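> here is my input; please provide its structure:
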Amino acid sequence: MYFSVLSEPWRTIHWGDNQSALQHVKNYKPPTEGQHIRILLYGPSGAGKSSFINSVQSVLQGKMCSQALVDNVSSSFTRQFRTYKIPKEDGQSFYPFVFNDIMDLEIRAGVLVDDVKLALRGHMRDGYKFNPASKLSEDDPFYNKNPSTNDKVHILVLVTNTEFLMDAETVQKIQEIRREASDLGIPQVAILTKIDEACPEIKKDLKNVYKVQHLKRKMEKFSADVGIPMNCIFPVKNYHQEINIDSDVDTLILSALREIISYGDDFINLKKSNDRLIWFKVFNPFSEDVSSPVYWLVCLLVGLLAGLLVTWFFSSI
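Predicted structure coming up:
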């Protein structure tokens, strides 16, 4: 089969500029102290979810890592709801983003859509064992009745590989999960793995990833099938059999990671702004309990503001 290669890439990426991208990730701080971005990965069996987590850690630590266990079997290897934190170079702290890996979207035996919905809302505790026959119940010790902001998902990432042929049932599951995330306002992106297996020209040189039309057509079909826009789909090559870090592999991983962090950060900031707006809409000092500290705090602030305005008015005359 002939794979045409464009003279110019259809998407711009800065090859070899890994240090600035790496520093950008390392310097990232969430808007609130103690906050982290929770990234939920989901997708079909063999998509490379665990390998993507390991690849991100390998890029950030500059050495091959395998925190998330990977298996080559065709059925789901991930059976538990796991949270993965990536340690920083000092060994004392972690990056302010975490990954959640879940059971695969298998036909008749994969993760239940209802379980993914619970995970999105922060109701699933770390270590929960998935049961394809029944969802997590409210009386289960792994059910989190009062999830904090950190427990809730801030960005949903669909991971699949270039060779996976999606059946109708898998697509339906994906669309149900995406609808729930959309209702919650959670941003969504996709990671397309095993790009080196999609085309010999990419296997020969990863820099051809955005020049090969065959891969672009695959991305366009995938976009049409699941509804995720092209600018939210990021092709990568996970570390799999390598024993050394590769600059071009790192470039694609960092490109995807930066976008994931950016979308997650935007969601946290938007949620924070909406929460403030709701508070101001709901709060009415005339209907508040006068014994409430909040009532007197607001009255004090209003009084100070009024005093400043009066002082400014007379001083300007």
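
> what distance do you get for residue 261 to residue 218?
Separation of residue 261 from residue 218 (C-beta to C-beta, to the nearest Å): 26 Å. Bear in mind the C-beta positions are built from the backbone N, C-alpha and C, glycine included.

> got it, and residue 179?
Taken as C-beta to C-beta, the span from residue 179 to residue 218 is 24 Å.

> name the residue in these two with the higher neighbour count.
More neighbours surround residue 218 than the other of residue 179 and residue 218, with 19 against 13 (other C-beta atoms under 10 Å).

> I'd guess that one is in a helix, am I close?
Yes. The assignment for residue 218 is a helix, going by DSSP: H, G, I helix; E, B strand; the rest coil.

> give me the pLDDT for it.
Listed pLDDT for residue 218 reads 93.

> number of nearby residues for the residue lying closest to it once chain neighbours are set aside?
What sits nearest to residue 218 in space, not counting adjacent residues and going by C-beta to C-beta, 6 or more residues apart in numbering, is residue 162, at 5.6 Å. By the measure other C-beta under 10 Å, the count of residues near residue 162 is 19.

> residue contacts, residue 162?
Contacts here follow C-beta atoms under 8 Å, 6 or more residues apart in numbering; on that basis residue 162 touches 192-195, 197-198, 215, 218, 235.

> how about residue 229?
residue 223.

> distance of it from residue 46?
In terms of C-beta to C-beta, residue 229 sits 25 Å off from residue 46.

> ok, residue 152 next?
The separation that residue 152 has from residue 46, given C-beta to C-beta, amounts to 28 Å.

> in the stretch 101-250 of the chain, which spans are helices?
Secondary structure of the stretch 101-250 of the chain (DSSP state H, counting those that start in this stretch): helices located at 113-120, 168-183, 200-204, 213-226, 247-282.

> mind telling me which of those the model trusts least?
helix 247-282 (a mean of 84).

> about what we covered before: just the ones of the contacts of residue 162 in strands?
192-193, 235 (DSSP state E).

> per the record, what domains does this protein have?
18-278, 285-315 (automatic domain parsing).

> now render the ones you listed as TSV, adding distance to residue 9.
Output for those, formatted as TSV (distance: least, C-beta to C-beta, whole Å):
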stretch	distance to residue 9
domain 18-278	4
domain 285-315	54
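
> out of those, deepest packed?
domain 18-278 (a mean of 17; mean count of other C-beta atoms under 10 Å).

> so which helix or strand takes in residue 31?
For residue 31, there is no helix or strand it lies in under DSSP states H and E.

> so which residues of this structure form strands?
According to DSSP E, the strands that the chain contains are 37-42, 82-87, 94-101, 155-161, 188-193, 233-235.

> direction included, what does the last one pair against?
Sheet pairing of strand 233-235 (DSSP bridges) gives strand 188-193 (parallel).

> tilt between the strand it pairs with and strand 155-161?
30 degrees (axes from the mean of the first three to the mean of the last three C-alpha atoms, to 10 degrees).

> rounded mean pLDDT for strand 188-193, please.
98.
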